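Chemist: A predicted structure for the sequence below; I have some questions about it.
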Amino acid sequence: MPELPEVETVRRGLAPAMEGARLERIEVRHRGLRWPIAEDFEKRLTGTTVTGLGRRAKYLLADLSSGEVLIMHLGMSGSFRIDKEKPGAFHHARSKDEKHDHVVFHLSNGKTVTFNDPRRFGSMKIVPRAKLDEEPLLKALGPEPLGNEFDAAMLARACQAKKTSLKAALSDQRVVAGLGNIYVCEALYRAHLSPTRRASTIADRKGEPNERAFALVDAIKAVLNDAIKAGGSSLRDHRQADGSLGYFQHNFRVYDREGEPCPRSKGTIKRIVQSGRSTFYCPACQK
DNA sequence: ACCTCGACCTGCAAGC
DNA sequence: TGCTTGCAGGTCGAGG
């Protein structure tokens, strides 16, 4: 579920609860995430204060007063929940939703932040801040799509020598960091570009961006900004409900709409498989 | 060096 | 109703 906009929405939801709070107690109920949670995880976190909560691509980065950084990834099915610990309250029986609560952060402000992840593709890792730029998880990541370094010239250069499809290139976190299956489909739709088109066709022989590269960069930025905006409003709704973060509904134009009419042409949305993942697009208006 | 594919997990919906 | 199958928003590492 979580691509860049969802992770950013989670970050914005968690920041008010976590920033400035001390981690009083860490409860790890299941160490078997994508990689096992380190044996010294609880010890390294307990007693430190979260000084800031940031994001790089789909990773959440919690800055700690200990001089370390907690790196978290939501995988496919991860989410966070904020609960207010009511002193002396009965705790109700564990519901089905709590079955996959793997890590619980008990904060000094009386709140708890719980990481839930049914499929356990998520991950958590602590690294010294001084070593963050050598961190293998982050080192190979391409530019942030909403940052200034991400532009048509850069994208064209990155795609110039590629033999793969545009879909595969945009899904590659080394080319641009934070897009996933949904937003790649949505961005290509907005840019009127076919997911099967060779990535190198957004550049000329010299690697200079062409019209398609400019359209694509604009589409990527627009679709991400729209989704973050939608996430912001869903945040307000969700917080009152059950505090769960990481999940919100928006209207995709092509994703998961196989067989439906194209919103802007006479075409019908088609589903194909590219490198093992579903791609949705309109063959009539995406060239 | 590049690219594709299987593997890691659980849950859910569709089909029989 | 129950079983089986396929599919899911990610990414790493093996193998071509």
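Modeler: The structure has been received and is ready for your questions.

Chemist: what is the burial count for the residue of the stretch 101-250 of chain A found nearest DNA strand C?
Modeler: Residue nearest to DNA strand C within the stretch 101-250 of chain A (Cβ to the nearest atom of the strand): residue A:180, separated by 1.9 Å. Any C-beta I mention is one placed from the backbone N, CA and C, and that applies to glycine too. For residue A:180, the neighbour count with other Cβ atoms under 10 Å is 20.

Chemist: does it touch residue A:58 like I think?
Modeler: Yes. In this structure, residue A:180 is within contact of residue A:58 by Cβ atoms under 8 Å, at 7.5 Å.

Chemist: what about residue A:84, neighbour count?
Modeler: Neighbour tally, residue A:84, other Cβ under 10 Å: 11.

Chemist: picking that back up, mutual contacts of residue A:180 and residue A:58, please.
Modeler: Counting by Cβ atoms under 8 Å, 6 or more residues apart in numbering, the residues touching both residue A:180 and residue A:58 are A:2-4.

Chemist: from those, which ones fall inside helices?
Modeler: residue A:4 (DSSP state H).

Chemist: which phi and psi does residue A:206 have?
Modeler: Dihedral pair for residue A:206: phi -90, psi 0, per degrees, to the nearest 10.

Chemist: which residues belonging to the helix or strand residue A:54 falls within are considered buried?
Modeler: For residue A:54, the host element (DSSP states H and E) is strand A:50-56. If you call a residue buried by 16 or more other Cβ atoms under 10 Å, then strand A:50-56 has these buried ones: A:50, A:53, A:55-56.

Chemist: what is the nearest of the shared contacts of residue A:180 and residue A:58 to DNA strand B?
Modeler: Of all the shared contacts of residue A:180 and residue A:58, residue A:2 has the smallest distance to DNA strand B: 14.6 Å, by Cβ to the nearest atom of the strand.

Chemist: what about the stretch 1-150 of chain A, any weak spots by pLDDT?
Modeler: Low-confidence segments of the stretch 1-150 of chain A (pLDDT under 70): A:1, A:87-96.

Chemist: 90 - rerun?
Modeler: The stretch 1-150 of chain A contains residues with pLDDT under 90 at A:1, A:84-97.
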